[in-house]
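1. okay, sequence plus prediction incoming.
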Amino acid sequence: MKKFAYIGCLGFLAVITTEFGVIGILPQIAEHYHISIDKAGYLLSAFALIIALTGPFMTLLMSGFDRKKVMFAAIFMFLITGVVSSFSPPFWLLMLVRILPAFLQPVYIASALSVAVSKADKKHSNELMGIVFSGVALAMVTTVPFATWLSSIWSWESSFIVQSVVSVIALAGIYFLLPSMPVKEKKSYGSQLKILVQPTFIISTLMNFFMITAWFSTYSYFADYLNKAKGMDGTMISYMLFLFGIIGVFANWISGKMLNKNIAGTTAFFLSGTILVPVLLYFSNGNLVATIVVIGIWGFLYSPSFLNASTYMISSVPQSLEFANSLATSFGNLGVTLGTTVGGWMIITKGVEYNPWIGLVFGILAFIMMGVRSMLERREKSVVLCGE
C-alpha cells in the first residue's frame, strides 16, 4: 500500500534532515565553537558511527515491538535533538544530543521499509522501498537547502529549528495516519543471524561500505568544497543543494523503477558516478556553468545510493528484509564515518579540492566487490546445476 510508503518517506525526511542537515552549516559551527572543520565533521561521523555499531543489535532487540510505536519513538528522539541543538549548547552537549537518535535511526528505517511492503505484491516491493528512500532526496531538495539558506541569512541554530519542525510533522503523520502494527510472528534471532555467514551477503555488505564511503568523502564537506574549490558563497551553496536534491527526487523514482528490472545493473549504473563525478569536477575547474551541470549529474547519481546499496544487499538474502536492511544501514553509515574521516584528513593535509579523488578509489573497490559477488553467484549456480 503506497500510503504506508509515503508515511515512511515523511519520517525519513525528518531523519535525513537531522543527520545531513549539518552538512551545509559545518563551516559556521566550526567558526562558532572555534574548532577545525574536520572536528566539526564529528557531528556527522559520530552520528554515523553509532548507527554502524549499534544498528543491527537495536533492530533485533526491537523486532518484536509494534512498528508504529517504534517509528514514533524514533522520530520523537530526533525532535529532542533538534530542539536542544537550536539553543547552541556547549559542543560536548551538541555531540551528545546528536548521538542519541542515532541508536534508533536504523530501527526506524527497517520498520518503515517493512511497513511499506507489508501489504504489497512482491513485484512492487522495490518501487515502494524507493518511495520510502525518496525521503533522502526530498530532504536534499527542501529542508536541507532551506536550512542552509536560513543559516546563511540568520544563524546556524536556525537550521536545527527547521529539523525540529520537520520532526513534528512526521510525528503527526505517524500518529494519525499509520494504524497500529503489532508483530504477529517474531523471527528467532538465530534465523536472522545466519545471513552473516553467507559469502554473497558479506561481499554485498563490503560493496555497500565502499560505495557509501566513496560518496561521502566529498559530500560530507559539500559546502566547504563548493566554497573553497569552486568559490561559491553560502547563498549559492544553498541553491546548489536545492538543485542537487530536486534532481535526486527524480533519480530515486527512476532508480526504484530500474531496480524492479535489474538490481545489479541499476546499482552499477549509479555507482559509476563515484568515478565519473571526480573527473567532471576536475575538468569543470572554475567554470560556473560547467560546475552547475556537474553538480546536477552528481545529484542524480548520488541520491539513490542508500536505496541501491540496501536493495543490493537485501537481494542476496530476501528472506531477512528487516535485519538485512539494518545491516545495510549500519555499514552504509560506517561508510559515512570513514568517508567523513578520510575526507577531513584530506582537507587538513592537502586541501578540500582533492576530496573527490578519494571517492574514485573507493568507487573502484565497490565495483570489484560487485564483480566478486557475480563470480560467487555463477559458481553457486553451476554447483546447483551439477548437483541436478
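-> Okay, I see it. None of these values were measured; they are calculated from a predicted model.
2. output the contacting helices and strands for the longest helix along the chain.
-> When the chain is parsed with DSSP state H, its longest helix is helix 355-387. Helix 355-387 sits against helix 199-219, helix 263-271, helix 273-284, helix 321-349, with contacts defined as 3 or more Cβ pairs under 8 Å, 6 or more residues apart in numbering; DSSP states H and E. Glycine gets a C-beta too; all of them are placed from N, C-alpha and C.
3. that one vs helix 199-219, what angle?
-> Angle, helix 355-387 to helix 199-219, by axes from the mean of the first three to the mean of the last three Cα atoms, to 10 degrees: 170 degrees.
4. among the helices and strands packed on helix 355-387, which is nearest residue 39?
-> For residue 39, the closest of those is helix 321-349, at 8.0 Å, according to Cβ to Cβ.
5. chain center to that closest one, what's the gap?
-> 9 Å (Cα atoms, centre = their mean, to the nearest Å).
6. quick one: buried residues of it?
-> Neighbour counts over helix 321-349 (16 or more other Cβ atoms under 10 Å) mark 321-344, 346-347 as buried.
7. averaged pLDDT, that helix. What do you get?
-> Helix 321-349 comes out with an average pLDDT of 84.
8. by contact count, what packs against it?
-> When contacts are defined as 3+ Cβ pairs under 8 Å, 6+ apart, helix 321-349 packs onto helix 37-40, helix 42-61, helix 105-117, helix 199-219, helix 305-314, helix 355-387.
9. low-confidence regions, the stretch 151-300 of the chain specifically.
-> Across the stretch 151-300 of the chain, the ranges flagged by pLDDT under 70 are 184-192.
10. which SS class is residue 88?
-> coil (DSSP: H, G, I helix; E, B strand; the rest coil).
11. give the contact list for residue 271.
-> 211, 308, 363, 366, 367, 370 (Cβ atoms under 8 Å, 6 or more residues apart in numbering).
12. okay, it and residue 366: tell me how far apart.
-> From residue 271 across to residue 366, the span is 6 Å (Cβ to Cβ, to the nearest Å).
13. picking that back up, relative to residue 78, which of the helices and strands packed on helix 355-387 is closest?
-> helix 321-349 (15.0 Å).
14. what is the end-to-end distance of stretch 315-329?
-> 15 Å (Cα to Cα, to the nearest Å).
15. chain center to that stretch, what's the gap?
-> On Cα atoms, centre = their mean, the centre of stretch 315-329 falls 16 Å from the chain's centre.
16. residue 311 contacts residue 127, correct?
-> No. Using Cβ atoms under 8 Å, residue 311 makes no contact with residue 127, being 10.7 Å away.
17. what do the two both touch?
-> Residues touching both residue 311 and residue 127 by Cβ under 8 Å, 6+ apart: residue 259.
18. so for the two, which residue has more residues nearby?
-> A direct count of neighbours by other Cβ atoms under 10 Å for residue 311 and residue 127 places residue 311 higher, at 24 against 19.
19. just the pLDDT for that one.
-> 87.
20. how about residue 386?
-> pLDDT, residue 386: 65.
21. so that it lines up with my notes, have the first residue be 791 from now on.
-> I'll keep to 791 as the first residue from here, and by that count the last item is residue 1176.
22. and the closest residue to residue 898 other than its chain neighbours, which of the three is it?
-> Nearest residue to residue 898, sequence neighbours excluded (Cβ to Cβ, 6 or more residues apart in numbering): residue 864, at 3.8 Å. Using three-state DSSP, the structure places residue 864 in helix.
23. can you count the residues close to residue 864?
-> Residue 864 has 27 nearby residues by other Cβ under 10 Å.
24. separation between it and residue 841?
-> For residue 864, the distance to residue 841 (Cβ to Cβ) stands at 12 Å.
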